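Chemist: One predicted model, sequence on top.
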Amino acid sequence: MKDVKTILQYDESFDGFLSCIFYIFEYKLSVYDITPLRSETTELFASTTQVFTNPEKSKRVWDKFCELTDKKVQAKVLKAFLSEIKGVENTLGYFIKKVLTEQKDFSIDYGDAEVLKIQQVAKMVHREKHRMEAFIRFQKTKDDLYVATIEPDFNVLPLILKHFESRYADQKWLIFDVKRNYGIFYDLQKVETITADFFTISNTKIAMEHLAEGELDFQKLWATYFSSVNIKSRKNNKLHLQHIPRRYWKYLTEKTIPLQ
Amino acid sequence: MSFDRIQEKLAILADAAKYDVSCASSGSTRKNKDKGLGNSTGSGICHSYTEDGRCVSLLKILMTNHCIFDCAYCVTRKSNDIKRAAFKIQEVVDLTINFYRRNYIEGLFLSSGIFKNADFTMERLVQVAKKLRLEENFNGYIHLKSIPGASDELMREAGLYADRLSVNIEIPTVSGLKLLAPDKNFKDFIKPMEKVKNEIIQYQQEKKLIKSTPKYAPAGQSTQMIIGAAGESDKDIMYSATYYYKKYNMRRVYYSGYIPISSDTRLPSLDTEVPVLRENRLYQTDWLLRFYGFSVNELLNDTHQNLDLQIDPKLGWALRNLQEFPVDINKADKRMLARIPGIGMQSVHKIINARRFRKLNWEHLKAIGISMNRATYFITCDSREFYTKDLTADQLKYKILQNIKSKYQKHFSPQLSLFAS
């Protein structure tokens, strides 16, 4: 049988995903399904292959893709990948394959449903990135570390790293994604990715005894400010919720600190 | 510092500053330097939103709410019986830095009531900005209010530390200003605007020759007008907005629906609703002027002095100019695409790109995300089906209104029921 679907499993890394693209070219696959290793596959008429991440092969794919596209398109692809939405690998696979085969950038062909989908998913991820740049609330600890826990819809830590590095260059900080169990840590020199179990999805708070002196005062001042700038006669709860959906509230100082 | 006292001051002076609607933190070019604090390049960030749905981007406070003026529309007017307070310079600096470090804000928006005189007030604002820049190596966003009547020398210094400067014109017409703010002189508003505009031009020219020329107000100037306090028409408002955009190179003009705060007989009564819908229509008009290539007399003129509250200003224009439609999506130029009701600039951009690859049909347009319930009546595309009925503007307006559900419905439902009967 020639057109049996091949299920390609990879390790969830971007390099792993690109290795799958390489594999598709290498074995001239036409019907395939790229899927993370952990996801279950129960398809009857398909063969399953585990594709091992190979930095050299993935680099060849990416370099070629970068030759044919500009930075904006590359960023879009990365953002869409970080959405972790089920099946996004196949949409991206279709696009990258088409660019490489036809040696042309198709990123503005919005009449193509798959291309439009990448644009839309990338936009969703971009929005979440921007939200995190806005909604992260640092708390200062006794050892002068500014710590924030987050639970973003998409895997945006790699996307916000630069923003925080250039903004808070003179303070140590840690941003921890409790949903994906890793964080980024800046030690005044460089940013590192760390995995640790300081926080979990059920334990997202920094213990009171670790907070720096005066930290709670500033949190209260911020909450005071937040309530004072509200104009009651313009109340618009629908708009309010549209801008700050409830799922973000538990990480927002102004929404959790009681006044008085 | 005593926490309780600071908290009290913050509550009073934030409350008094909240009627200034500008909260922009975008458009500056100040990069983090020498591993200092802050970076304000590119787009702004709204760190939170109040329950009225407005963005909180900056720590927006008054230096003091003591004021020697008695402008009818202002909460801090001399004759108003309210609690007064004043910040010390260092207190504002500490609040800004500590809020910024916790990622609460993009920076500071500092305004003030006028105590003693214009220069005395302006000088204190400048001192705060100077301290933040020079002592704290702060590279976040700073917006300072230009105090009407402040000296040229102080305005020049202010621009060296601030990203943006603004003077609020408040009342769009000179006659309205005379009525509601008799102590203020129109020329005093214009003078700092003129000075800042000239300095910006001069610094930009010098920058071309000498790379090390310092930045001067890189995010430009803005101003604000109160809507619905002095009985002016939408035409009055938008014509004066256009004047400020052109004459003083304003980055933004803000429109602030009047919030009744006084029982003064010169003003709308205390139970008047805030004109949020009118405010929204004015902002839409502002956008059409700045990004969609409309000129102001196409949208507002002697025959149309006020915007239609029921429909957006672009749809209003299209209904008055039905001879320009239908537009062929696959052929029209950018200018005309931007004039189709229900199509925003992002969709225009997508259409122009997508049609290079294939002719677009209704399915494509829907997927791209144009607003079909308005656009349908004004376009043709790669399909034999399109709207062919020859309706008059009024009939078409009624038809469209039946199909759109506006979030402002409650504001005009009485008129609607009249229409339908």
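Modeler: That came in fine, so what should we check first? Residues are numbered from 1 along each chain as shown, chains lettered A, B, ... in the order given.

Chemist: With chain A as the reference, measure out to B:Ser2.
Modeler: Distance from B:Ser2 to chain A, counting by Cβ to the nearest Cβ, to the nearest Å: 10 Å. Where C-beta positions appear, they are placed from N, C-alpha and C, glycine not excepted.

Chemist: what residues are up against that residue?
Modeler: Listed by Cβ atoms under 8 Å, 6 or more residues apart in numbering or on different chains, B:Ser2 has no contact partners.

Chemist: Report pLDDT for it.
Modeler: On pLDDT, B:Ser2 comes in at 85.

Chemist: Repeat that for B:Asp328.
Modeler: B:Asp328 is assigned 96 on the pLDDT scale.

Chemist: Neighbours of it, how many?
Modeler: Neighbourhood size, B:Asp328 [other Cβ atoms under 10 Å in any protein chain shown]: 13.

Chemist: was I right about it contacting B:Cys381?
Modeler: Yes. Assessed by Cβ atoms under 8 Å, B:Asp328 is found in contact with B:Cys381 at 7.4 Å.

Chemist: Minimum distance to chain A, which residue of chain B gives it?
Modeler: B:Gly53 (3.0 Å; Cβ to the nearest Cβ).

Chemist: Quick check on B:Ser151: phi, psi?
Modeler: phi -70, psi 160 (degrees, to the nearest 10).

Chemist: Nearest residue to it in space, please, no chain neighbours.
Modeler: Excluding the flanking residues, the one nearest B:Ser151 by Cβ to Cβ, 6 or more residues apart in numbering or on different chains is B:Asp119, at 5.4 Å.

Chemist: quick one, what contacts that neighbour?
Modeler: Counting by Cβ under 8 Å, 6+ apart, B:Asp119 makes contact with B:147, B:149-151, B:154.

Chemist: quick check, the strand or helix carrying B:Asp94 touching chain A?
Modeler: Assigned by DSSP states H and E, B:Asp94 belongs to helix B:89-101. Yes. Using Cβ under 8 Å from any Cβ of the partner chain, helix B:89-101 reaches chain A at B:95, B:98-99, B:101.

Chemist: so what's A:Glu254 up against?
Modeler: Contact partners of A:Glu254, counting by Cβ under 8 Å, 6+ apart, are A:222-223, A:226-227, B:48, B:104.

Chemist: just the buried members of those residues?
Modeler: Buried by 16 or more other Cβ atoms under 10 Å in any protein chain shown: A:222-223, A:226, B:48, B:104, out of the contacts of A:Glu254.

Chemist: quick one, phi psi at the residue of the stretch 101-250 of chain A found nearest chain B?
Modeler: Closest residue of the stretch 101-250 of chain A to chain B, Cβ to the nearest Cβ: A:Leu239 (3.0 Å). Main-chain dihedrals, A:Leu239, degrees, to the nearest 10: phi -70, psi -40.

Chemist: Look up which helix or strand the nearest residue to it once chain neighbours are set aside falls in, please.
Modeler: Counting by Cβ to Cβ, 6+ apart, A:Leu239 lies nearest to B:Gly53, which is 3.0 Å off, once chain neighbours are set aside. Using DSSP H and E, B:Gly53 is not contained in any helix or strand.

Chemist: do the same with A:Pro158
Modeler: Using DSSP H and E, A:Pro158 maps to helix A:157-167.

Chemist: Which other helices and strands does that helix contact?
Modeler: Packing partners of helix A:157-167 (3 or more Cβ pairs under 8 Å, 6 or more residues apart in numbering or on different chains; DSSP states H and E): helix A:71-82, helix A:113-135, strand A:172-177, strand A:182-186, strand A:191-194.

Chemist: With mean pLDDT as extra columns, can I get these in a markdown table?
Modeler: Below are the helices and strands packed on helix A:157-167 laid out as a markdown table (pLDDT from 0 to 100):
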| stretch | mean pLDDT |
| --- | --- |
| helix A:71-82 | 97 |
| helix A:113-135 | 96 |
| strand A:172-177 | 96 |
| strand A:182-186 | 96 |
| strand A:191-194 | 96 |
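
Chemist: before we move on, the earlier item: hang on, the residue nearest to A:Leu239 packs against A:His240?
Modeler: Yes. Counting by Cβ under 8 Å, B:Gly53 touches A:His240, with 5.0 Å between them.

Chemist: on that earlier part again, list the contacts of the residue nearest to A:Leu239.
Modeler: B:Gly53 touches A:234, A:236-240, A:242-243, counting by Cβ under 8 Å, 6+ apart.

Chemist: follow-up on the earlier one: just the ones of the contacts of A:Glu254 in helices?
Modeler: Judged by DSSP state H, the subset of the contacts of A:Glu254 located in helices is A:222-223, A:226-227.

Chemist: Out of those residues, which is nearest to B:Leu288?
Modeler: Nearest to B:Leu288 among the ones in helices among the contacts of A:Glu254, counting by Cβ to Cβ, is A:Phe226 at 33.3 Å.

Chemist: The closest one touches B:Lys60, doesn't it?
Modeler: No. A:Phe226 is beyond contact range of B:Lys60, at 11.4 Å (criterion: Cβ under 8 Å).

Chemist: In JSON lines: the contacts of B:Gly53, plus neighbour count and pLDDT.
Modeler: Below are the contacts of B:Gly53 laid out as JSON lines (neighbours: other Cβ atoms under 10 Å in any protein chain shown; pLDDT from 0 to 100):
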{"residue": "A:Arg234", "neighbour count": "19", "pLDDT": "87"}
{"residue": "A:Asn236", "neighbour count": "18", "pLDDT": "91"}
{"residue": "A:Asn237", "neighbour count": "10", "pLDDT": "91"}
{"residue": "A:Lys238", "neighbour count": "9", "pLDDT": "91"}
{"residue": "A:Leu239", "neighbour count": "16", "pLDDT": "92"}
{"residue": "A:His240", "neighbour count": "18", "pLDDT": "93"}
{"residue": "A:Gln242", "neighbour count": "11", "pLDDT": "93"}
{"residue": "A:His243", "neighbour count": "18", "pLDDT": "94"}
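
Chemist: I'd like these as CSV, with secondary structure appended.
Modeler: Below are the contacts of B:Gly53 laid out as CSV (DSSP: H, G, I helix; E, B strand; the rest coil):
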residue, secondary structure
A:Arg234, helix
A:Asn236, coil
A:Asn237, helix
A:Lys238, helix
A:Leu239, helix
A:His240, helix
A:Gln242, helix
A:His243, helix
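
Chemist: For those, which two are the farthest from each other?
Modeler: Pairwise distances across these (Cβ to Cβ) peak at 15.0 Å, for the pair A:Arg234 and A:Gln242.

Chemist: Report the contact partners of residue 228.
Modeler: By default, I'm working from chain A. By Cβ under 8 Å, 6+ apart, the contact set of A:Ser228 is B:10-12, B:14-15, B:18.

Chemist: wrong one, I was asking about chain B
Modeler: Counting by Cβ under 8 Å, 6+ apart, B:Gly228 touches B:257-258, B:268, B:272, B:275, B:278.

Chemist: Now do the residue nearest to A:Asn237 when sequence neighbours are not counted: how many residues are near it, please.
Modeler: Take A:Asn237 and drop its neighbours on the chain: the residue closest to it by Cβ to Cβ, 6+ apart is B:Glu51, 6.5 Å away. For B:Glu51, the count of nearby residues is 18 (other Cβ under 10 Å).

Chemist: Now do the contacts for B:Glu51.
Modeler: The neighbours of B:Glu51, taking Cβ under 8 Å, 6+ apart as the test, are A:230, A:235-237, A:240.
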